[in-house]
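[1] Provided below are the primary sequence and the corresponding predicted coordinates.
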Amino acid sequence: MTRISIPQALLAAALLAALPVAHAADSAQSTDPSQTTSAKKTAKRPVTQNGASPQSGNQPQNATTLSQVVVTPLQNSLRSAQTIKQDSAMIVDSVVAEDIGKLPDNSVADALQRVTGVQVAQGFQGETTTVVIRGLPNAVTTLNGREIFNAGGREFSFQDLPATAVSGLDVYKSTDASMVTGGIAGTVDIRTFRPFDFDGFKLATTFTETNQKYGSHTDPNGSFLISDRWKTDAGEFGALLSAGINTMHYDYNVSYVDDNLTRVLTDGAGNPVRASNGNLLVAPNQYGANYNIGYRQRPEANYALQWRPNGSTEVYMEGLYTWLSDKYNQPYYFSGPQNVVAPSSFTASSACFPIGLTGSPYDGQTICPLTGASFTGNYYAATSTQAHQDWGHNIQNAIGVKWKGDRLRLSTDFTLNGSSYYNERFVIDTFLNAYANPLTTYYNYSNNWGLVGNPQNNPANYYLNGLYQQWNDNRATQKAWRADGSYDTGNSFFSMVNFGVRYADTKAQASGAQFDQAPPGGAYLANGQPNPANNVLALFGSSYFCNVPSIASIPGGALTGCYNYLINNKDALRAFYGMPPGNLPAQDSQYFNITERTLSLYGSANYGGDLFGLPFDGVLGVRLERINRNLNAYTYDTAANLFSPIGLTTSQRAALPNATFNLHFTDNLQMRLSAGKTLEYPDFTQLNPSLSLSPPTANTIATGAGGNAYLKPTKSNSYDATLEWYFSDVGSLTGGLFYHDITGYIENYTFQQNIGGITYLISGPQSSGSGHLDGAELAYTQFFSFLPGPWSGLGLQANYTFIQSKLKTPAMDGSGFISAPFQNVSKNNYNIVAMYEKYGWSVRLAYNFRSRYPEFFLASSSVLGNNAQMYDEPASELDLSLGYDINKYLTVVLNATNLLGNNFHQYAGPGTGLPQDLRYQDRSVGLGVRFKL
């Protein structure tokens with residue numbers, strides 16, 4: 001049953017109340033002939049099946065032509081996006097390039113944050129890596145209507161594709177029978193240019209130099225496009241070639257207080273340390289820093305060939321290639337005095353709370369977070385150099401034919417997808433000598449800490465600990481064929497029938513290995529003294545060491561192994577640790593081989609008529625799908641410490657109906673109602689039943705991860721209602737309510753398990769119970785061209801999304817189910833974009849905000865209880881995009897990100913008393929040019 005909360009009702013009321021205001025602006029604009037509305041008489045247009053671009057032969061017919069995306073002014077890009085939204089039978093929001101190579105962000109992932117209802121987050125390599133739609137990360141990605149994905153998963157990594165390659169992005173929030181199955185959140189369609197998008201010859205280039213504040217480099221980024229079309233006796237031909245590259249030196253630094261395993265603070269003998277009033281104290285696992293310093297390259301190329309032998313037939317071939325090369329150092333620096341020695345002094349917060357775990361020896365007592373402490377003694381403090389080398393690629397090639405007759409239209413399309421991702425991690429841990437010279441660690445809330453006297457900057461103080469090696473190789477391929485058709489019935493009610501079939505053969509494979517080796521002779525002598533034979537300076541000399549960056553919260557800096565030293569001396573270091581040269585042989589725990597064969601049949605009917613004198617239209621459809629899966633992997637018996645091969649064959653069937661109803665009150669005011677059933681299949685890595693174990697290292701506790709071959713698809717019944725007013729060519733006020741009724745949602749859970757005498761923190765996916773996610777959206781766009789003089793170039797975009805959710809999820813102690821919000825869902829999300837376009841200037845100042853959200857369940861904690869979660873508070877960003885047209889061929893551009901210098905914060909449990917990460921997000925400034933003919 002659909003529920004409408006008070007915030008949703010208020011949003012709907014706000015939309016209706018705002019109509020007279022916008023109408024006044026519309027009246028003022030109506031005298032300007034340049035503002036003639038291009039989207040009139042919506043109800044009389046052919047109803048599109050899903051509103052998608054007709055660029056691909058595997059997409060529905062009768063879609064709105066998007067050739068105007070090549071028009072340069074900012075207003076025309078917004079006009080194109082508005083036309084897509086207004087004319088579609090589905091609920092869709094778009095970003096359209098103002099010009100070739102001119103989406104206002106570096107990557108597709110960054111550009112998507114401007115879309116109503118889309119939230120993003122950065123990863124540890126200084127770029128946007130997470131994209132969620134209305135709080136759900138479960139979206140299908142298509143390229144010109146064809147499925148595209150990364151190795152090991154079912155979604156495409158949007159950061160892999162430079163924004164310069166894209167003509168537009170369409171985010172579909174409701175479903176259609178012809179769309180690829182797999183995303184309960186919706187579908188993101190990435191559109192690239194084709195030669196028939198242009199009138200004739202087109203040449204365009206971009207070049208930008210971008211400086212990162214923390215990366216301390218200025219890196220080049222560029223793109224190139226050439227396209228032309230010719231009329232011959234054999235018909236019309238078109239050819240397009242585009243290429244681009246994003247490069248970046250990054251330095252993404254994190255100061256953390258490890259509250260993953262919060263616990264009661266004790267002295268070295270296990271006795272609890274109490275405040276003066278008798279309250280207990282919360283002690284983090286450790287204080288630390290995680291630095292991410294690297295250089296990344298993302299080249300891209302795409303092509304398109306089109307041939308129209310006559311007015312009814314088109315043959316095309318097109319492809320996309322993306323590559324990734326990422327080499328980065330991930331050094332850690334940390335100290336762990338807690339529960340080893342008692343603090344010599346401390347202060348505590350007054351924001352105390354009762355112990356959360358029933359059955360704890362401290363049950364019923366009050367505990368308070370530390371706000372400051374000093375620890376002196378012989379305990380573990382260390383640095384660790386983690387040298388990463390990652391590379392991968394994505395390839396899609398397609399060939400197809402489209403034919404149209406007077407009433408019948410047919411198309412067919414064959415696609416080949418290929419993807420790979422390979423990563424290596426080579427790690428050496430070193431620790432400080434605290435035996436002869438005890439260490440003193442100081443801590444001040446929330447993330448400020450260090451060692452008194454900075455002994456971590458003396459290379460003579462370091463001794464070797466373990467060597468850790470890991471590599472993983474993930475690959476995926478897909479062959480897909482589809483055939484689509486539509487028939488104009490001539491009927492006044494059911495005007496068109498659409499039908500199609502799709503077959504996909506997908507293969508996903510993984511292999512890898514990991515191992516940790518102690519230093520020769522052991523790290524310590526029997527008396528607890530560091531093994532003098534493993535003094536790093538004596539063994540490898542001063543050339544081994546490099547400085548880690550100094551950040552505000554950890555001003556002392558530290559030494560760690562140099563990235564290049566580890567990479568260039570891998571085999572020599574392996575030999576020192578008594579290991580053979582080269583990578584480890586592949587291990588059973590890292591292997592899986594999955595084949596999926598999917599057959600889909602789909603059909604729909606476009607209908608339309610009048611209701612009480614008001615025109616209406618819509619689509620009724622259903623998709624029938626069968627998926628057969630073969631899985632080969634290994635399962636792990638923790639008692640016998642043995643891997644055994646497993647082979648499974650599963651089959652699943654689904655019927656996915658959908659319906660839309662659009663009522664047009666006027667040519668420019670309309671209501672949409674939409675309902676549909678969607679499902680999402682588990683990621684390939686989630687289906688791997690093996691358990692992969694990583695023993696404890698100098699900077700990490702023992703961890704493990706495994707999957708579940710019997711995971712079922714996540715299912716959702718989705719309902720949407722929108723009210724949309726398009727009061728000018730570039731002016732709209734829209735609002736909507738949405739509701740997802742979800743079963744079997746897959747989330748990651750963490751628990752402790754003793755295996756071979758070692759306590760591991762095991763994480764893995766599980767299917768939850770039923771839940772719902774609902775919310776409301778409000779969006780406004782307008783250029784104020786009715787204002788006098790230079791003020792007429794002003795414009796504003798604003799959108800807000802409210803989301804609330806509740807999910808039955810397995811309790812961490814195995815006692816049943818609890819109710820908790822969906823992970824990664826921010827309740828409040830908004831974008832505000834101030835725009836100006838006049839006298840050759842194009843300016844955009846964009847602010848993006850999303851509120852805090854739960855990221856994952858913490859391991860069972862004697863402090864917080866069994867079901868506490870880690871909460872993220874992402875950085876809100878203010879970005880600037882500025883361009884000036886020197887002439888019609890040449891434009892100078894200036895781009896700047898994170899102008900306010902905001903950072904990411906993370907907290908264990910509710911509130912801010914238990915901090916986790918403080919992530920220093922970079923600021924960038926880029927200056928460049930665009931040239932076109």
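    Here it is on my side, so go on. Numbers count the residues shown, from 1 in each chain.
[2] how about the strands in the stretch 751-900 of the chain?
    Counting by DSSP state E, counting those that start in this stretch, the stretch 751-900 of the chain has these strands, from start to end: 758-767, 770-783, 794-810, 817-820, 828-838, 841-850, 853-857, 869-873, 877-885, 890-897.
[3] ok, which of those strands comes nearest Ser550?
    Proximity to Ser550 (C-beta to C-beta) singles out strand 890-897 among the strands of the stretch 751-900 of the chain, at 23.0 Å. For the C-beta atoms, the positions are set from N, CA and C on the backbone; glycine is no exception.
[4] quick one: secondary structure of the residue with the largest distance to the centre of the chain?
    Among residues of the chain, the one most distant from the C-alpha centroid is Asn527; the distance is 49.0 Å, by C-alpha atoms, centre = their mean. Three-state call for Asn527 (DSSP: H, G, I helix; E, B strand; the rest coil): coil.
[5] which parts of the helix or strand containing Val929 are buried?
    Assigning secondary structure by DSSP states H and E places Val929 in strand 924-932. By 16 or more other C-beta atoms under 10 Å, the buried positions in strand 924-932 come out as Ser924, Val925, Gly926, Leu927, Gly928, Arg930, Lys932.
[6] of those, closest to Leu280?
    Distance from Leu280 was checked for each of those by C-beta to C-beta. The minimum falls on Ser924, at 44.7 Å.
[7] and the helices in this protein?
    Assignment of helices within the chain using DSSP state H yields the ranges 6-29, 74-87, 108-112, 536-540, 563-568, 570-576, 684-687.
[8] any low-confidence regions in the chain?
    Flagging of the chain using pLDDT under 70 yields the residue ranges 1-73, 98-105, 358, 638-639, 694-701, 749-753, 756, 812-815, 859-862.
[9] just the strands in the stretch 151-300 of the chain please.
    Assigned by DSSP E, counting those that start in this stretch, the stretch 151-300 of the chain shows strands spanning 168-172, 186-191, 202-212, 217-232, 235-257, 263-264, 280-283, 287-310.
[10] just to revisit the earlier point, and the strands of the stretch 751-900 of the chain, which is most packed in?
    Neighbour counts (mean count of other C-beta atoms under 10 Å) averaged over each of the strands of the stretch 751-900 of the chain peak at strand 770-783, with a mean of 22.
[11] rewinding a little: adjacent strands (with direction) for the strand holding Val929?
    Each strand that pairs with strand 924-932, with its direction, by DSSP bridges: strand 202-212 (antiparallel), strand 890-897 (antiparallel).
[12] and Asn593, which of the strands of the stretch 751-900 of the chain is closest to it?
    Shortest distance between Asn593 and the strands of the stretch 751-900 of the chain, using C-beta to C-beta, is found for strand 758-767: 19.0 Å.
[13] got the angle for that closest one vs strand 794-810?
    Relative orientation of strand 758-767 versus strand 794-810 (axes from the mean of the first three to the mean of the last three C-alpha atoms, to 10 degrees): 110 degrees.
[14] check this structure for its longest strand and report it.
    Counting by DSSP state E, the longest strand found in the chain is strand 462-488.
[15] report the contact partners of the nearest residue to Tyr800 once chain neighbours are set aside.
    With C-beta to C-beta, 6 or more residues apart in numbering as the measure, Tyr830 is the residue that lies nearest to Tyr800, at 4.2 Å, once sequence neighbours are left out. Under the criterion of C-beta atoms under 8 Å, 6 or more residues apart in numbering, the contact partners of Tyr830 comprise Ala798, Asn799, Tyr800, Thr801, Asn848, Phe849.
[16] the second one touches Ala779, doesn't it?
    Yes. Assessed by C-beta atoms under 8 Å, Asn799 is found in contact with Ala779 at 4.0 Å.
[17] hmm, back to that, let me have the strands paired with strand 924-932 in CSV, extended by distance to Phe612.
    As requested, those are exported to CSV (distance: least, C-beta to C-beta, whole Å):
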stretch, distance to Phe612
strand 202-212, 48
strand 890-897, 51
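[18] list the buried ones in stretch 290-307?
    Under the neighbour-count rule (16+ other C-beta under 10 Å), stretch 290-307 has 290-294, 296, 298-307 buried.
[19] check stretch 424-436 too.
    Applying a neighbour-count criterion of 16+ other C-beta under 10 Å, one finds Glu424, Arg425, Phe426, Val427, Ile428, Asp429, Thr430, Phe431, Leu432, Asn433, Ala434 buried in stretch 424-436.
[20] ok, back up a step: any chance of the strands of the stretch 751-900 of the chain in JSON lines, with distance to Gly744 too?
    JSON lines is the format used below for those (distance: least, C-beta to C-beta, whole Å):
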{"stretch": "strand 758-767", "distance to Gly744": "5"}
{"stretch": "strand 770-783", "distance to Gly744": "8"}
{"stretch": "strand 794-810", "distance to Gly744": "11"}
{"stretch": "strand 817-820", "distance to Gly744": "13"}
{"stretch": "strand 828-838", "distance to Gly744": "25"}
{"stretch": "strand 841-850", "distance to Gly744": "26"}
{"stretch": "strand 853-857", "distance to Gly744": "17"}
{"stretch": "strand 869-873", "distance to Gly744": "20"}
{"stretch": "strand 877-885", "distance to Gly744": "34"}
{"stretch": "strand 890-897", "distance to Gly744": "38"}
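[21] tell me the contacts of the residue lying closest to Asn534 once chain neighbours are set aside?
    If the residues on either side of it in the chain are set aside, Asn534 comes closest to Leu464, at 4.0 Å by C-beta to C-beta, 6+ apart. Going by C-beta under 8 Å, 6+ apart, Leu464 touches Ile428, Asp429, Thr430, Pro519, Ala523, Asn531, Asn534, Asn535, Val536, Leu539.
[22] how close does Leu464 get to Thr164?
    46 Å (C-beta to C-beta, to the nearest Å).
[23] do the same with Pro788
    Relative to Thr164, Pro788 is positioned 36 Å away (criterion: C-beta to C-beta).
[24] so between these two, which is more surrounded?
    Neighbours around Pro788 and Thr164, counted as other C-beta atoms under 10 Å, are more numerous at Thr164. The numbers are 28 against 6.
[25] look up how far Asn831 lies from that one.
    In this view, Thr164 and Asn831 are 22 Å apart by C-beta to C-beta.
[26] for Tyr607, list the residues it contacts.
    Taking C-beta under 8 Å, 6+ apart as the contact definition, Tyr607 lies against Phe493, Phe494, Ser495, Asp617, Gly618, Val619, Leu620.
[27] between those residues, which is closest to Thr206?
    Minimum distance to Thr206 across the contacts of Tyr607 is 38.8 Å, recorded for Val619 (C-beta to C-beta).
[28] just confirm the closest one contacts Ala89, I think it does.
    Yes. In this structure, Val619 sits in contact with Ala89. The criterion is C-beta under 8 Å, and the distance is 4.9 Å.
[29] who has more neighbours out of the two?
    Val619 (27 against 23).
[30] tell me which residues form a beta bridge with that one?
    With DSSP bridges applied, the residues forming beta bridges to Val619 are Asn606, Thr660.
[31] now it: how far from Asn144?
    If you go by C-beta to C-beta, the gap between Val619 and Asn144 works out to 21 Å.
[32] over to Pro615?
    For Pro615, the distance to Asn144 - C-beta to C-beta - is 31 Å.
[33] compare the two (neighbour count), which wins?
    Taking neighbours as other C-beta under 10 Å, Pro615 and Asn144 compare with Asn144 leading, 28 against 19.
[34] apart from its chain neighbours, what residue comes closest to Gly372?
    Counting by C-beta to C-beta, 6+ apart, Gly372 lies nearest to Thr347, which is 4.2 Å off, once chain neighbours are set aside.
[35] list the contacts of Asn221.
    Applying C-beta under 8 Å, 6+ apart, we find Asn221 in contact with 106, 162, 164, 206-210, 244-247, 926, 928.
[36] what's the answer for Gly706, then?
    If you count contacts by C-beta under 8 Å, 6+ apart, then Gly706 has Tyr636, Asn688, Pro689, Ser690, Leu691, Ser692, Ile762, Gly764 around it.
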